[in-house]
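In: pasting the structure only:
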């Protein structure tokens, strides 16, 4: 069932789990990750087939998850969560019970500005990340030179902890180069607004 929150015009932001229309979603996602602005996502030269292969692999995992976020049925963001103990970030800090890793990519800006959208999106994703009561802290590790991602984390309420070096990962199914990143944390909010479910 999708999760949603209403923004000033009472239009729901929905976090779809799993992918609602896989073939179309992969095509949209590919168009996002190959843009210059998405260079920090590490897929600028990837083919559509490779992007689909990567996210099909993510979809098969129990420890990593990817969600398409929609407004009025249109994709507006990609949100990913993962268990830090099963990720290279675990080499860089002492993982606590209740930690969840997060990644967020916003869709390219298009059309007229949407007043209040960013605030509602942030609130919706925060609520979604902490929907499991066992989750006590969100962990993020954007590229240290990605000023826009760092600014977004600040808006989300994350507290920057330190700069870290994520090690290179070279496996048959995935290759990730070494990355200088900023480690940041968001503790579980004391109170979360109630979620609104839509069939």
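Out: Looks like it came in fine. Remember, predicted model here, so these are calculated numbers, not experimental data.

In: what residue ranges in the chain score low on pLDDT?
Out: Residues of the chain meeting the criterion pLDDT under 70: 1-21, 111-116, 171-174, 191-199.

In: so which helix or strand takes in the nearest residue to residue 51 once chain neighbours are set aside?
Out: In space, residue 51 comes closest to residue 30 once its chain neighbours are excluded; the distance is 4.4 Å by C-beta to C-beta, 6 or more residues apart in numbering. (Glycine included, C-beta is placed from N, CA and C.) Residue 30 is part of helix 22-33 when elements are defined by DSSP states H and E.

In: Distance from that helix to the middle of the chain?
Out: Relative to the centre of its chain, helix 22-33 is centred 15 Å away, using C-alpha atoms, centre = their mean, to the nearest Å.

In: Mind giving me the packing neighbours of the helix or strand that that helix is followed by?
Out: Scanning the chain past helix 22-33 towards its C-terminal end, the next helix or strand to appear is helix 48-60 (assignment: DSSP H and E). Under the contact criterion of 3 or more C-beta pairs under 8 Å, 6 or more residues apart in numbering; DSSP states H and E, helix 48-60 touches helix 22-33, strand 64-71.

In: tell me the angle helix 48-60 makes with strand 64-71.
Out: For helix 48-60 against strand 64-71, the angle by axes from the mean of the first three to the mean of the last three C-alpha atoms, to 10 degrees is 110 degrees.
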